[in-house]
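In: What follows is a predicted structure for the sequence shown.
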Amino acid sequence: MVLIYGCGGASDHSELKNYVKSVKAKPARAIEPLPPFRPYESFVYSAAAERSPFDRPVDVTQRVYGRTGSDVKPDMNREKEYLESYELGQLTMVGTITKSGKLWALIADPTGFVTRVAEGNFIGKNHGRITSTAQTQIELLEIVSDGLEGWIERPRILALSEKD
């Protein structure tokens with residue numbers, strides 16, 4: 001306190017005191033009411049299992065109603081592989097390795113776990129069987145419902161992802 005009083009000296013603060021009195025003499029304004037509370041409405045994205053609009057279009061052979069051109073159907077008795085628990089859009093090809101002369105593709109799942117796959121392995125929820133493995137991509141055939149109590153094969157490609 002001594003330092004603060006010493007800095008002020010013996011000067012008169014009458015201007016400051018008059019200003020404070022004039023501000024206090026003004027009538028108080030009413031406080032604005034709070035804006036109305038709007039509860040958060042969550043959005044459920046229901047098209048997660050659909051084909052991404054950013055994927056290249058896939059040619060699918062049209063089927064005549066009531067007649068199937070082939071006897072394609074998934075093997076429901078086959079034991080599921082690990083990567084079949086994820087949608088194909090959730091999986092990422094992160095590289096390749098060669099072991100004993102065989103080319104293996106490295107696939108990362110959404111948790112970051114990397115699994116090696118080769119021709120004949122299954123990935124994705126649509127019974128996708130890998131038909132060929134290359135350095136930059138893997139090709140697979142998915143077996144999907146045609147909507148008419150039948151099944152069709154749909155070719156897909158999972159390309160090597162590029163890091164920025």
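Out: Structure's in. What do you need? Please read all numbers here as calculations on a predicted model, not as lab measurements. Numbering: from 1, shown residues only.

In: Which helix or strand contains L103?
Out: Here L103, judged by DSSP states H and E, is contained in strand 102-108.

In: T98 now?
Out: Assigned by DSSP H and E, T98 belongs to strand 92-99.

In: Flag the shaky bits of the chain, pLDDT-wise.
Out: Along the chain, segments meeting pLDDT under 70 span 1-11, 58-70, 163-164.

In: before we move on, back to that, give the other helices and strands that the strand holding T98 contacts.
Out: Contacts defined by 3 or more CB pairs under 8 Å, 6 or more residues apart in numbering; DSSP states H and E place strand 92-99 against strand 102-108, strand 151-159. Quick note: C-beta positions are derived from backbone N, CA and C, even for glycine.

In: Identify the residues contacting the shortest one?
Out: Applying CB atoms under 8 Å, 6 or more residues apart in numbering, the contact partners of strand 102-108 are 83, 91-98, 114-118, 123, 130, 133-135, 138, 158.

In: Show me where the chain has its helices.
Out: Using DSSP state H, the helices of the chain run over residues 2-8, 14-25.

In: gap between the longest one and the chain center?
Out: Right, the one you point to is helix 14-25. 61 Å (CA atoms, centre = their mean, to the nearest Å).

In: Based on its surroundings, how many neighbours for T131?
Out: When neighbours are counted by other CB atoms under 10 Å, T131 registers 13.

In: That one contacts L141, correct?
Out: Yes - counting by CB atoms under 8 Å, T131 touches L141, with 5.7 Å between them.

In: So for the two, which residues contact both of them?
Out: What both T131 and L141 touch, as defined by CB under 8 Å, 6+ apart, is an empty set.

In: before we move on, back to that, show residues contacting the strand holding T98.
Out: Residues from elsewhere that reach strand 92-99, judged by CB under 8 Å, 6+ apart: 103-108, 114, 116, 133, 135, 137-138, 158-161.

In: mind running it again at 10 Å?
Out: Outside strand 92-99, the residues within contact range by CB atoms under 10 Å, 6 or more residues apart in numbering are 103-110, 112, 114, 116-118, 133-138, 157-161, 163.

In: For those, which PyMOL command selects only the ones that are buried?
Out: A single PyMOL command is used to select the members of those judged buried by 16 or more other CB atoms under 10 Å:
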select buried, resi 104+105+107+108+109+117+133+138+158+160
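
In: nearest residue to S132 other than its sequence neighbours?
Out: E139 (4.7 Å; CB to CB, 6 or more residues apart in numbering).
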